[in-house]
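Visitor: What follows is a predicted protein model with its sequence.
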Amino acid sequence: MRIRLFATLLTLLAAALPAHAKDPTPITLVQSSLSFNFVPLYIAQSEGYFAQEGLKIDVVLAGGGPKAMTALVGGGGQFSASVLLDGMMAHRKGLDDVRAFASLSYFFNPMVVRADVAKARGLNLDRPLSERVKLMKGLRLAITTPGASSDMTVRFLAITNGLSPDRDFEIVPLGGLTSQVAGIQAGQVDGCACLPGVDIVTKQQGLTVDLVKPGEMTELDGVTYGTLYTTASYIKAHPDVARAMARALVRATALVAERPDRAKAASRPFFKEMDEATFQASWTTYLPYIPVHPVISREDFLRELAFEKTVMPPAAYKPVAYDDAVDVTDVLAAMRDFRR
């Protein structure tokens, strides 16, 4: 995993903060789901970074990335949070105003299989990945929804290891965390390309084991996954708000780099339904995939495009230009603010 350090910011933050005597600016943030993909947003809320930047954040859970994107382009929010793929697909549909604004997490799509299935098939992490994928033939693998990143991960593994995802796997759309866990518990599926958290819960229950090691899909190491979006027109109309949002996120990711235990404590209130052991295990697993600065790089954007090209039907795939889809101007400016 490629981790980019953005260190020693926290000691400069207090002096750099602007004064906000006027009423805070109300912002609606439409978020696809509650998951570890969006930890910097939780930190910025708990630590008061948004409030200190003069923003009053109202979070609306949309129930999926495409729904969050629909809300953003339809005026249901000024910002949205989902995954990088959602912005690419928006541009392919001609929604050219959408802009990926900041990175919230790096690519990590955990995959697990039921422990009894793994034992019966000899599936274990000591085998090369190509052997493991071939031993998965015929398995019923849960995803969230067709076309989602979980679906594309399954397809990528199949295609890059000489299998047909539709012929050699049974891909089962199961939706979110609760339904994926229930599907594994009931034996409805043999495993999943999971929402973060499903893997931890089912492994702690002794139901599943890992199919893929962290960092094993090197093609996607360091590529932005969780993404904060806004629109070019909103940035132009409200430059001060855009800069304030960027500053809050720079502070949040700096806290992850400098004081991970405090960042963990700030995130804990957003996972009230998780018991403490599950939360601690989840934090340990996902910490390497939380960015220590929120820049979406051109290089990683192009690697995401290459991933999409591998798995999408030729008729559906269309290149998207980085400069058309991404605007990290405010994030870079916020980083410069705190370097002074």
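Guide: Received, thanks.
Visitor: Compute the distance between A68 and F38, please.
Guide: As judged by C-beta to C-beta, to the nearest Å, A68 and F38 stand 11 Å apart. (C-beta placed from N, C-alpha, C; glycine too.)
Visitor: For these two, list the residues in contact with both.
Guide: Shared contacts of A68 and F38 (C-beta atoms under 8 Å, 6 or more residues apart in numbering): 31, 81.
Visitor: which ones are touching the closest residue to G122 other than its chain neighbours?
Guide: Closest residue in space to G122, ignoring its immediate chain neighbours: L135 at 6.5 Å, by C-beta to C-beta, 6 or more residues apart in numbering. For L135, the contact set (C-beta under 8 Å, 6+ apart) comprises 121-123, 127.
Visitor: Quick check: of the residues you listed, which has the highest neighbour count?
Guide: L123 (22 neighbours; other C-beta atoms under 10 Å).
Visitor: Just the pLDDT for it.
Guide: With respect to pLDDT, L123 scores 92.
Visitor: try R340
Guide: 60.
Visitor: Out of the contacts of L135, which comes closest to M111?
Guide: Using C-beta to C-beta, L123 is the member of the contacts of L135 that sits closest to M111, with 11.0 Å.
Visitor: Please tell me I have it right and the closest one contacts V113.
Guide: Yes: counting by C-beta atoms under 8 Å, V113 is a contact partner of L123 at 6.0 Å.
Visitor: what touches both of these two?
Guide: With C-beta under 8 Å, 6+ apart as the test, L123 and V113 both reach 136, 209, 211.
Visitor: quick check, T285 in a strand?
Guide: No: counting by DSSP: H, G, I helix; E, B strand; the rest coil, T285 falls outside a strand, being helix.
Visitor: Isn't A263 up against V256?
Guide: Yes: in this structure, A263 is within contact of V256 by C-beta under 8 Å, at 4.6 Å.
Visitor: more neighbours, the two?
Guide: For the pair A263 and V256, the greater number of neighbours falls to A263 (25 against 22), based on other C-beta under 10 Å.
Visitor: Contacts for the helix or strand that one falls within, please.
Guide: If you go by DSSP states H and E, A263 is part of helix 260-267. Outside helix 260-267, the residues that touch it by C-beta under 8 Å, 6+ apart are 39, 42-43, 46-47, 252, 255-256, 283, 287, 290.
Visitor: Confirm F101 sits in a strand?
Guide: Yes: F101 forms part of a strand when assessed by three-state DSSP.
Visitor: Which residue would you name as the spatial centre of this protein?
Guide: Closest to where the C-alpha atoms of the chain average out (C-alpha atoms, centre = their mean) is G226, at 2.6 Å.
Visitor: show me what contacts that residue?
Guide: 37-38, 81-83, 103-105.
Visitor: Going along the chain, name the helices of the stretch 101-250 of the chain.
Guide: Assigned by DSSP state H, counting those that start in this stretch, the helices in the stretch 101-250 of the chain fall at 115-121, 129-135, 149-159, 165-168, 177-186, 198-204, 232-237, 239-258.
Visitor: any chance of those helices in JSON lines, with distance to L305 too?
Guide: As requested, these are exported to JSON lines (distance: least, C-beta to C-beta, whole Å):
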{"stretch": "helix 115-121", "distance to L305": "33"}
{"stretch": "helix 129-135", "distance to L305": "23"}
{"stretch": "helix 149-159", "distance to L305": "12"}
{"stretch": "helix 165-168", "distance to L305": "19"}
{"stretch": "helix 177-186", "distance to L305": "27"}
{"stretch": "helix 198-204", "distance to L305": "27"}
{"stretch": "helix 232-237", "distance to L305": "20"}
{"stretch": "helix 239-258", "distance to L305": "24"}
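Visitor: Identify whichever of the ones you listed lies nearest to T218.
Guide: The nearest among these, by C-beta to C-beta, is helix 129-135 at 10.3 Å.
Visitor: Which residues belonging to that closest one are considered buried?
Guide: 129, 132-133, 135 (16 or more other C-beta atoms under 10 Å).
Visitor: Could you give the average pLDDT over it?
Guide: According to the model, helix 129-135 has a mean pLDDT of 93.
Visitor: what do you get for stretch 81-99?
Guide: 95.
Visitor: pLDDT wise, what is A254 at?
Guide: A254 is given a pLDDT of 95.
Visitor: what's the neighbour count on it?
Guide: Using other C-beta under 10 Å, A254 has 27 neighbouring residues.
Visitor: Hmm, V292 and it touching each other?
Guide: Yes: using C-beta under 8 Å, A254 is in contact with V292, at 7.2 Å.
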